[in-house]
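Engineer: Everything below, folded, please.
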Amino acid sequence: MHPFHRTVALAAFFLSTAALAHQGAKTLLRFEGAIGVDPLSAAGGADALNVVRGVNPGGRAWVIRKLQARIGPEGSISARGAGLLLASGDVIGTRGTIAQVVATLACGPASAAATLFHSSPAALDAAGNFRIDGTLSSDGVNAAVLPAVCDNPVLLIRAFANNAPGAWFAAGIPADDDGD
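Structural biologist: As a prediction, the model looks like this:
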């Protein structure tokens with residue numbers, strides 16, 4: 001076989017192997033789309049902070065145009081967001097002072113007792129776009145050991161400042177199990 005043809009054949013083999021490996025990757029959870037935060041919610045006819053799984057909301061309303069996220073059973077996370085921007089006040093249509101975000105996965109009871117797993121921080125650009133790739137952690141150091149089933153899953157996109165996750169700005173919408 002000619003060296004050029006051998007190179008092309010090897011390249012095709014490796015590309016097809018990589019594609020098959022990606023298709024065979026296990027997914028524990030998938031999120032398509034998101035809901036921007038409204039910092040207040042009505043509770044018994046009175047406004048209350050929109051606290052989700054023990055995490056306080058951002059101080060203003062936020063919108064998000066797109067969110068896609070996949071979480072693997074070993075704790076891997078791949079998330080892409082677009083248009084995460086403030087929806088009120090003089091800073092409307094900007095990211096304000098927020099330069100980094102993290103993703104937080106909550107599993108367990110619909111309360112502050114849920115177990116939280118965090119991604120590493122990712123840059124939030126001026127248009128509100130971000131990419132998160134890595135592994136979730138519950139302690140900020142070690143890879144998370146996720147439960148086999150994540151009950152009541154919630155994926156929050158949060159500010160990252162002072163070396164810690166902060167307020168939440170958007171919540172992922174769980175995707176259907178059938179891939180729709």
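
Engineer: Can you list the residue ranges for helices in the chain?
Structural biologist: Ranges of helices within the chain are 3-23, based on DSSP state H.

Engineer: centre of the chain versus the longest strand along the chain, how much separation?
Structural biologist: Secondary structure of the chain per DSSP state E: the longest strand is strand 164-174. Relative to its parent chain, strand 164-174 has a centroid offset of 7 Å by CA atoms, centre = their mean, to the nearest Å.

Engineer: quick one, what contacts the residue nearest to the spatial centre of the chain?
Structural biologist: Among the residues of the chain, the one closest to the centroid is residue 103, at 4.1 Å (CA atoms, centre = their mean). Taking CB atoms under 8 Å, 6 or more residues apart in numbering as the contact definition, residue 103 lies against 69, 77, 79, 118, 119, 132, 136, 155, 156, 157, 158. Just so you know, the C-beta spots here come from the backbone N, C-alpha and C atoms, and that holds for glycine as well.

Engineer: again with residue 95
Structural biologist: Applying CB under 8 Å, 6+ apart, we find residue 95 in contact with 84, 85, 86, 124, 125, 126, 128.

Engineer: Against residue 161, how distant is it?
Structural biologist: Per CB to CB, to the nearest Å, residue 95 is found 12 Å from residue 161.

Engineer: cool, residue 79 as well?
Structural biologist: Using CB to CB, residue 79 is found at 19 Å from residue 161.

Engineer: Any regions of the chain where pLDDT drops low?
Structural biologist: Applying pLDDT under 70 to the chain flags residues 1-25, 177-180.

Engineer: if we can go back for a sec, residue 79 and residue 161: which is more packed in?
Structural biologist: Here residue 79 and residue 161 are compared on neighbour count by other CB atoms under 10 Å; more neighbours surround residue 79, at 24 against 14.

Engineer: how far away is the more buried one from residue 90?
Structural biologist: In terms of CB to CB, residue 79 sits 29 Å off from residue 90.

Engineer: Could you do residue 28 as well?
Structural biologist: 41 Å.

Engineer: Check residue 103 too.
Structural biologist: Counting by CB to CB - residue 103 and residue 90 are separated by 28 Å.
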